[in-house]
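Chemist: Got a sequence here, can you build the structure:
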Amino acid sequence: MKELPLSQKSKVCAIVDDITYEWLYWYKWFAIKASNSIYARRMVIRETDGIDKTIYLHKIICGMPSSYRVSFINGNSLDCRKENLRSTSQYGKIVTWEMSCGASHFNGVIWDGRYGMWRSCLDGMIIGYYITEVDAALAYNKKAEKFLPETINNLDFLDAP
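Modeler: Okay, here's the model as predicted:
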């Protein structure tokens with residue numbers, strides 16, 4: 001367990017696992033207060049459309065699509081260790097997924113450290129950049145359906161109950 005500093009001015013830190021600290025440390029993270037909690041986040045400009053996108057640390061660590069909710073088991077919103085995070089689908093189903101810390105489990109998906117996002121590609125053509133690995137895999141599947149259906153990723157764990 002390590003403390004990930006959130007901005008240079010603030011003395012607030014997020015708690016992360018040792019392995020995730022190694023690749024998250026290189027990015028600038030900031031503390032943001034929402035309701036009664038403080039969350040770790042960073043801003044990214046998507047290369048595909050130039051739009052600013054907020055990335056929350058706990059969502060990156062879970063590796064879930066943005067439509068999924070992440071809750072903190074111990075109630076501390078700065079404790080972003082994997083064992084403290086629980087993901088639920090929009091249907092309320094608890095979903096577990098192993099974060100791969102840079103290497104993807106899916107065809108056509110790679111981590112792009114330059115942008116701090118997952119990149120989805122099909123036959124050398126960039127499909128887009130995504131906040132989560134699963135979002136990138138979903139985009140890959142949509143494109144591969146037309147051109148390379150035999151390479152579609154298995155995403156059965158996302159199915160509703």
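Chemist: Find the centremost residue of the protein, please.
Modeler: Most central residue of the chain, judged by C-alpha distance to the mean C-alpha position with C-alpha atoms, centre = their mean, is residue 60 at 2.6 Å.
Chemist: Now the element after the helix or strand of the chain with the lowest mean pLDDT, going C-ward?
Modeler: Ranked by mean pLDDT, DSSP states H and E, the weakest helix or strand in the chain is strand 94-95, scoring a mean of 66. Helices and strands here follow DSSP states H and E; after strand 94-95, the next one along the chain is strand 109-112.
Chemist: quick one: strands adjacent to that next one?
Modeler: Paired neighbours of strand 109-112 in the sheet (DSSP bridges): strand 117-122 (antiparallel).
Chemist: what residues does the partner strand touch?
Modeler: Residues outside strand 117-122 that contact it (C-beta atoms under 8 Å, 6 or more residues apart in numbering): 44, 46, 55, 104, 108-112, 126-133, 135-137, 139-140, 143-144, 147-148. From N, CA and C alone the C-beta is placed, and that goes for glycine too.
Chemist: let's see it at 7 Å
Modeler: With C-beta atoms under 7 Å, 6 or more residues apart in numbering as the test, strand 117-122 has contacts from 44, 108-112, 126-133, 136, 139-140, 143-144, 147-148.
Chemist: So which bits of the helix or strand just after that strand are buried?
Modeler: Beyond strand 117-122 in the direction of the C-terminus, DSSP H and E gives the next helix or strand as strand 125-130. For strand 125-130, burial by neighbour count (16 or more other C-beta atoms under 10 Å) applies to 127, 128, 129, 130.
Chemist: Please apply the same query to stretch 107-122.
Modeler: Here stretch 107-122 shows 107, 108, 109, 111, 112, 116, 117, 118, 119, 120, 121, 122 as buried, counting by 16+ other C-beta under 10 Å.
Chemist: May I ask which of these comes out lowest in pLDDT?
Modeler: Sorting the buried residues of stretch 107-122 by pLDDT puts residue 116 at the bottom of the list (74).
Chemist: Was I right to think it contacts residue 43?
Modeler: No: shown here, residue 116 and residue 43 do not form a contact pair, counting by C-beta atoms under 7 Å, at 10.1 Å.
Chemist: Quick check: next helix or strand after the strand ranked longest in the chain?
Modeler: Using DSSP state E, we find that the single longest strand of the chain is strand 37-45. Once the chain leaves strand 37-45, the next helix or strand it forms, by DSSP H and E, is strand 52-56.
Chemist: tell me the mean pLDDT for the following helix or strand past that following strand?
Modeler: As assigned by DSSP H and E, the chain's next helix or strand after strand 52-56 is helix 57-62. Computed over helix 57-62, the mean pLDDT rounds to 83.
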